[in-house]
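*Asks:* model the structure of this input:
(chains A and B)
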Amino acid sequence: MATLQLNNITKRFGDTEVIKGIDLEVEDREFVVFVGPSGCGKSTLMRMIAGLESATGGDILIDGQRMNDVGPADRGLAMVFQSYALYPHMTVEGNMGFSMRLAGVSKEERRAKVLEAAKILQLEPLLDRKPKALSGGQRQRVAIGRAIVRNPSIFLFDEPLSNLDAALRVQMRIELARLHDELDATMIYVTHDQIEAMTMADKIVVLRDGVVEQVGSPMALYHHPQNRFVAGFIGSPKMNFLDVTLVGVKPDGVGIRMPGGGERHVPVDGQHLGANATLELGIRPEHLVLEEQGPLVGKIQVLERLGGQTSLYVQMADQLVTIMADGDVAYRVNDTVHFGFAPERAHLFDADGQALPSLQQHPLARLTREDNRANGDNASSEASV
Amino acid sequence: MTSLRSTNSKKLLLTVFGWSVALVIFFPILWMVLTGFKTETAAIADPSFIFSPTLESYQAVQARSGYLRFALNSVAVAFGSTLLALLIAIPSAYSMAFLPTKRTKGTLLWMLSTKMLPPVGVLVPIYLIFRDVGLLDTRTGLIIIYTLMNLPIVVWMLYTFFKDMPKDILEAGRMDGATTFQEVFFLLLPLTLPGIASTGLLSVILSWNEAFWSLNLTSSKAAPLTAYIASFSSPEGLFWAKLSAASTMAIAPILIFGWMTQKQMVRGLTFGAVK
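*Replies:* This next block holds a predicted model:
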């Protein structure tokens, strides 16, 4: 049982405020991912939770207890560093058992606990090696093992996969998700990679310039981004943004005119909009469909065939629009294409970059990673709560 | 072909140049060693590499004064001051490297600037202080003065080694529950041991070779080998062969020590520079 609560956390380095008042709640056994571009403060925030950095203002509560003045080791946390930060002069066993050695645990007990963790991570054959004799993935696992051995209530991961190659990253991603199930612990994970965030998180916290832009499940962020930044940050390839003109506001949506002249009615709440409001249409590349009668038209500049899918980069007046099309489309560069979209897939942003709220909630927006698992499993865990 | 030949001749030139410089620097030491094996007459005769070697100067030197007593003083003072300097410098370098403030750089530079002051400038006050507290001609007195003398360099060197240590590893230790002392003892020291060793070696060598303070602050009881050499130059005029024999015996230990640890030394001294 471990919850984390941040109340109006701020952090200053000299005159620069890097964290500008963050409120957040992390529930027990939740997998929370802090994501944002570099310099957004996500690592600093994690280091404050860890106790490696002191908070300038606000409260950090773990299980309801204020932890601001408690040392890192006494917060019941374990952290996996981006650089792994293994102790180079100790063996794998020495690395994993170091915390227990400091705590004065007997050699036998230490060995038993290390073996237990090594088993989970398939590290048993490597226990006598020094870190320099390990591959990147193995080092990563030792770093995780060192955290597991401490039996923490909350695991902290600071960009743990960024030093691994692409294939290994996918594998470790799966392994981390498995570990989360197996250890039943609360995990906080920092990354700049939105794919890691989308695949692993129960809850994503999007940060920018020391401020929380949005908190929500991966599907909620994908389908209902609250602002232009989140819309552009979550999803790959990036969402397209087109300048559109406001035609009229009705209770069931907002009418807009497209750059090419066609009109569409988007089911969002635009009641607060003025008559001359400037609007931006956001539409994801995978939600644009090629159709003869589509309201949008452009010329293909670049065509990337990925096999299963084809990315079309289409020049539309002064804007380049990305379309994810079927792998078998027969178009060639310089062809003119017509395309459109389903209005309920579109997002509208006002002049401040704030999204107009959708009138319909996407059915998957409340889905968490938990729900993806077998129903029986879910039901039994709910029953036991 | 031509470029290869020109690189080869460049290499040859550089090698010859390097050896020449090394020989010029080494020559006085070589000459001193040779002179130590000559008779007094041969020592002041026309310089010659050809002579019949004899140990009579060494016997004379041994008969006159106890080499061993001076040597023991040198060992005690050189290693004692080095140990003390490391004990003081490790915590200070730790705080400067890992908990720097706005003034850290300034403090470091100021410490180094004290090395630019001529020691003779503070000779009188230090002599008087030592006299009043009874530190004249004591090993303790020399250890204190050598520690203070070497401290700036020792702190500087340790600071650069500590700076190179990844901070993450210490933080991981802190997350694992290490106190500051455990962090230093279990992580920082083992991982920077090569640097600490070369710093220590340098400090030993500097203390061993120091002559100004040892000549001025000691007379007989605590006098190290530098004072021993000096004692041969004055009283009975100049006896080159005996002086050379004494000098050879004085520098032999540190020379052998330096030879054995030269790899460590070079590595340590160039460590910060390569970055």
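*Asks:* mind checking the end-to-end distance for stretch A:81-90?
*Replies:* 17 Å (C-alpha to C-alpha, to the nearest Å).
*Asks:* what bits of the chain have low per-residue confidence?
*Replies:* Chain wasn't specified; assuming chain A. Chain A contains residues with pLDDT under 70 at A:1, A:368-370, A:372-385.
*Asks:* that's the wrong chain, I wanted chain B
*Replies:* Counting by pLDDT under 70, the low-confidence segments of chain B come to B:1-4, B:65, B:234-237, B:267-275.
*Asks:* quick check: residues of it near chain A?
*Replies:* B:166, B:168-169, B:171-178, B:182, B:186-187, B:190-191 (C-beta under 8 Å from any C-beta of the partner chain). C-betas here are computed from N, CA, C, even on glycine.
*Asks:* weed out the non-buried ones from these.
*Replies:* B:168-169, B:171-178, B:182, B:186-187, B:191 (16 or more other C-beta atoms under 10 Å in any protein chain shown).
*Asks:* reformat those as JSON lines; add secondary structure.
*Replies:* Converted to JSON lines, those look like this (DSSP: H, G, I helix; E, B strand; the rest coil):
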{"residue": "B:Asp168", "secondary structure": "helix"}
{"residue": "B:Ile169", "secondary structure": "helix"}
{"residue": "B:Glu171", "secondary structure": "helix"}
{"residue": "B:Ala172", "secondary structure": "helix"}
{"residue": "B:Gly173", "secondary structure": "helix"}
{"residue": "B:Arg174", "secondary structure": "helix"}
{"residue": "B:Met175", "secondary structure": "helix"}
{"residue": "B:Asp176", "secondary structure": "coil"}
{"residue": "B:Gly177", "secondary structure": "coil"}
{"residue": "B:Ala178", "secondary structure": "coil"}
{"residue": "B:Gln182", "secondary structure": "helix"}
{"residue": "B:Phe186", "secondary structure": "helix"}
{"residue": "B:Leu187", "secondary structure": "helix"}
{"residue": "B:Leu191", "secondary structure": "helix"}
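*Asks:* farthest-apart pair in those, please.
*Replies:* Largest separation among those by C-beta to C-beta: B:Gly177 and B:Leu191, giving 18.4 Å.
*Asks:* follow-up on the earlier one: export the buried ones among the residues of chain B next to chain A as a markdown table, with columns for distance to B:Lys11.
*Replies:* Shown next, in a markdown table, are those (distance: C-beta to C-beta, whole Å):
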| residue | distance to B:Lys11 |
| --- | --- |
| B:Asp168 | 42 |
| B:Ile169 | 41 |
| B:Glu171 | 47 |
| B:Ala172 | 46 |
| B:Gly173 | 47 |
| B:Arg174 | 50 |
| B:Met175 | 52 |
| B:Asp176 | 51 |
| B:Gly177 | 55 |
| B:Ala178 | 50 |
| B:Gln182 | 51 |
| B:Phe186 | 46 |
| B:Leu187 | 43 |
| B:Leu191 | 37 |
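*Asks:* and which of those residues is nearest to A:Asp202?
*Replies:* B:Met175 (23.8 Å).
*Asks:* and the next helix or strand past the lengthiest helix in chain A?
*Replies:* Secondary structure of chain A per DSSP state H: the longest helix is helix A:166-183. Sequence order places strand A:186-191 as the next helix or strand after helix A:166-183, per DSSP states H and E.
*Asks:* show me what the very next helix or strand once past that following strand is packed against.
*Replies:* Per DSSP H and E, the first helix or strand lying C-terminal to strand A:186-191 is helix A:194-200. When contacts are defined as 3 or more C-beta pairs under 8 Å, 6 or more residues apart in numbering or on different chains; DSSP states H and E, helix A:194-200 sits against strand A:31-35, helix A:166-183, strand A:186-191, helix A:218-223.
*Asks:* buried residues in helix A:194-200?
*Replies:* A:194, A:196-200.
*Asks:* over to stretch A:292-300?
*Replies:* For stretch A:292-300, by 16+ other C-beta under 10 Å, it's A:294-298, A:300.
*Asks:* let me know the closest of the residues you listed to B:Leu243.
*Replies:* Nearest to B:Leu243 among those: A:Ile300, at 93.0 Å, using C-beta to C-beta.
*Asks:* partners of the strand or helix carrying the closest one in the sheet?
*Replies:* Element membership for A:Ile300 (DSSP H and E) is strand A:296-305. Sheet pairing of strand A:296-305 (DSSP bridges) gives strand A:309-316 (antiparallel), strand A:336-341 (antiparallel).
*Asks:* closest to B:Gln262 out of the ones you listed?
*Replies:* Of all the strands paired with strand A:296-305, strand A:309-316 comes closest under C-beta to C-beta, at 61.3 Å.
*Asks:* so what touches the strand holding A:Ile300?
*Replies:* A:258-260, A:262, A:288, A:310-316, A:320-321, A:327, A:331-340 (C-beta atoms under 8 Å, 6 or more residues apart in numbering or on different chains).
*Asks:* what of stretch B:128-140?
*Replies:* Contacts of stretch B:128-140 (C-beta under 8 Å, 6+ apart): B:73, B:76-77, B:80, B:127, B:141, B:144, B:217-223.
*Asks:* most surrounded residue in the residues you listed?
*Replies:* Taking other C-beta atoms under 10 Å in any protein chain shown as the neighbour criterion, B:Val77 ranks highest of these with 29 neighbours.
*Asks:* thinking again about what came up before, now the longest helix of chain A: buried residues?
*Replies:* Under 16+ other C-beta under 10 Å, the buried positions of helix A:166-183 are A:168-169, A:172-173, A:175-177, A:179-180, A:183.
*Asks:* what angle do it and strand A:186-191 make?
*Replies:* Counting by axes from the mean of the first three to the mean of the last three C-alpha atoms, to 10 degrees, helix A:166-183 lies at 160 degrees to strand A:186-191.
*Asks:* using PDB, write out every CA atom in helix A:166-183.
*Replies:* This file holds the C-alpha atoms of helix A:166-183, laid out as PDB (Å, rounded to 0.1, in the frame of the first residue of the first chain):
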ATOM      1  CA  ALA A 166      15.600   0.000 -30.100                       C
ATOM      2  CA  ALA A 167      15.000  -3.800 -30.000                       C
ATOM      3  CA  LEU A 168      16.200  -4.100 -26.400                       C
ATOM      4  CA  ARG A 169      14.000  -1.100 -25.400                       C
ATOM      5  CA  VAL A 170      10.900  -2.900 -26.700                       C
ATOM      6  CA  GLN A 171      11.900  -6.000 -24.800                       C
ATOM      7  CA  MET A 172      12.600  -4.100 -21.500                       C
ATOM      8  CA  ARG A 173       9.300  -2.200 -21.900                       C
ATOM      9  CA  ILE A 174       7.400  -5.500 -21.900                       C
ATOM     10  CA  GLU A 175       9.500  -6.800 -19.000                       C
ATOM     11  CA  LEU A 176       8.800  -3.700 -16.900                       C
ATOM     12  CA  ALA A 177       5.100  -4.000 -17.500                       C
ATOM     13  CA  ARG A 178       5.400  -7.600 -16.400                       C
ATOM     14  CA  LEU A 179       7.400  -6.600 -13.300                       C
ATOM     15  CA  HIS A 180       4.700  -4.100 -12.400                       C
ATOM     16  CA  ASP A 181       2.100  -6.900 -12.400                       C
ATOM     17  CA  GLU A 182       4.400  -9.200 -10.500                       C
ATOM     18  CA  LEU A 183       5.600  -6.900  -7.800                       C
END
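*Asks:* ok, the closest residue to chain A within the stretch 1-150 of chain B - how many residues close by?
*Replies:* Nearest to chain A in the stretch 1-150 of chain B, going by C-beta to the nearest C-beta, is B:Lys102, at a distance of 9.5 Å. Using other C-beta under 10 Å, B:Lys102 has 7 neighbouring residues.
*Asks:* next: A:Lys42.
*Replies:* Residues lying near A:Lys42 (other C-beta under 10 Å) number 26.
*Asks:* relative to chain B, how far out is it?
*Replies:* 17 Å (C-beta to the nearest C-beta, to the nearest Å).
*Asks:* contact partners for that residue?
*Replies:* A:Lys42 makes contact with A:34-36, A:190, A:192, A:207 under the criterion C-beta under 8 Å, 6+ apart.
*Asks:* ok, A:Pro37 next?
*Replies:* Applying C-beta under 8 Å, 6+ apart to A:Pro37 gives the contacts A:192, A:208, A:233.
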